[in-house]
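Student: sharing a sequence plus its predicted fold:
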Amino acid sequence: MSSTEPPPSHTSSAPSSTPSSAPTPNPQLLSEVVVSGTAYARIARDGQEYVVIPGIPANGQPGIQPIGARAIPFRGYPTLVQVMLRQANRVIDRDGGYVSGATQWSVALDGVLVYCPAIPSMDAFMALTDAQVAVRKLLSHPIRWQDPEDWTDRAVYYQGVPAWIRSFTPARGEVLLQADEGFSFPPTPITQELGTDPTPEERNAVLVDLLSDRVWWSRQIPGVPPDEIGDSSHG
């Protein structure tokens, strides 16, 4: 079970042809957007999207006039995507030894590594196919994984069990989920079959792939506003 939201549009609707001055009161803050390596606020106003460029003070320098904040039309990408692919040949010390190839790939959002699968792909073509699927899921994901404040101690459900995100390992594409106090995660078919299933008391933490369909990524906590659910003071 997964929680998804409609994927953000790669381009915004056509804004007005002339740049605006400082934003009018109460614009809607959408997110931060990276422009030439710098993060700026992206806002919606009057049905259009803008990027707010902060003002520059005069700092008391003679002959220097301050530059006020301004909002310019936004027609770019809300989230910048970078896909990396690398192949390597390695010596495998098994069956007398042989050389085998491995194809690893990763996805970064806004310059931050967010997903690298634990298992390499078979070849470059499969890696590109897998990366395409991952990018679509990441862009429509309800969590901005490039922003630690959005996922740290976030309340979720895993297979119907209330839990919290305790850590995130992009290099393996995994998150560590911890069950709420008094709850435990269900056993897995593999551990049951092998007879190695831990006791319910020990099934209070689990590593889950970032793109798993078994996680509902949003959970309302009674008495806690939705925008404070990720605060580390809860749970």
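Tutor: Everything's here; your move. Residues are numbered from 1 along each chain as shown.
Student: drop to CA atoms for contacts and neighbour counts, all remaining ones
Tutor: OK.
Student: tell me the secondary structure at residue 131.
Tutor: Here residue 131 is helix, with the state taken from DSSP: H, G, I helix; E, B strand; the rest coil.
Student: residues contacting it?
Tutor: Neighbour list for residue 131: 83, 105-107 [criterion: CA atoms under 8 Å, 6 or more residues apart in numbering].
Student: residues near residue 214, how many?
Tutor: 15 (other CA atoms under 10 Å).
Student: any idea how far it is from residue 186?
Tutor: 12 Å (CA to CA, to the nearest Å).
Student: now do the shared contacts for the two.
Tutor: Common contact partners of residue 214 and residue 186 (CA under 8 Å, 6+ apart): residue 159.
Student: re the thing from before, and the contacts of residue 131, which of them are in helices?
Tutor: Cross-referencing the contacts of residue 131 against helices under DSSP state H gives no overlap.
Student: let me know the closest of these to residue 138.
Tutor: Within those, proximity to residue 138 (CA to CA) peaks at residue 107, which comes in at 9.1 Å.
Student: list phi and psi for the residue nearest the centre of the chain.
Tutor: The residue lying closest to the centre of the chain (CA atoms, centre = their mean) is residue 145, at 2.1 Å. Per-residue torsions, residue 145: phi -70, psi -20 (degrees, to the nearest 10).
Student: could you tell me how far stretch 147-154 lies from the centre of the chain?
Tutor: Centroid separation for stretch 147-154 versus its chain: 9 Å, with CA atoms, centre = their mean, to the nearest Å.
Student: give the bridge partners for residue 43, please.
Tutor: Using DSSP bridges, the bridge partners assigned to residue 43 are residue 29, residue 50.
Student: can you give me the distance of it to residue 69?
Tutor: The spacing between residue 43 and residue 69, counted by CA to CA, is 13 Å.
Student: sorry, back to before: tell me who's in contact with the residue nearest to the centre of the chain.
Tutor: For residue 145, the contact set (CA under 8 Å, 6+ apart) comprises 114, 151.
Student: what's the spacing between it and residue 209?
Tutor: Plainly put, residue 145 is 13 Å away from residue 209 if you go by CA to CA.
Student: could you do residue 103 as well?
Tutor: 19 Å.
Student: do residue 33 as well
Tutor: Relative to residue 209, and taking CA to CA, residue 33 is found at 26 Å.
Student: more neighbours: which of those two?
Tutor: Taking neighbours as other CA under 10 Å, residue 33 and residue 209 compare with residue 33 leading, 22 against 19.
Student: quick check: bridge partners of the more buried one?
Tutor: In this structure, residue 33 bridges to residue 40 when assessed by DSSP bridges.
Student: look at it and report its pLDDT.
Tutor: We have a pLDDT of 91 for residue 33.
Student: likewise for residue 220?
Tutor: Per the predicted model, pLDDT is 77 at residue 220.
Student: just residue 190 next, same as before
Tutor: In this prediction, residue 190 carries a pLDDT score of 64.
Student: find the nearest non-adjacent residue to residue 163, please.
Tutor: Of all residues not flanking residue 163 in the chain, residue 179 sits nearest, at 4.1 Å (CA to CA, 6 or more residues apart in numbering).
Student: which elements pack onto the strand or helix carrying residue 91?
Tutor: For residue 91, the enclosing helix or strand under DSSP states H and E is strand 81-92. In this structure, strand 81-92 makes packing contacts with strand 98-109, helix 124-139, judged by 3 or more CA pairs under 8 Å, 6 or more residues apart in numbering; DSSP states H and E.
Student: dump the ones you listed to CSV, plus mean pLDDT and distance to residue 175.
Tutor: As requested, the helices and strands packed on strand 81-92 are exported to CSV (pLDDT from 0 to 100; distance: least, CA to CA, whole Å):
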stretch, mean pLDDT, distance to residue 175
strand 98-109, 94, 16
helix 124-139, 96, 14
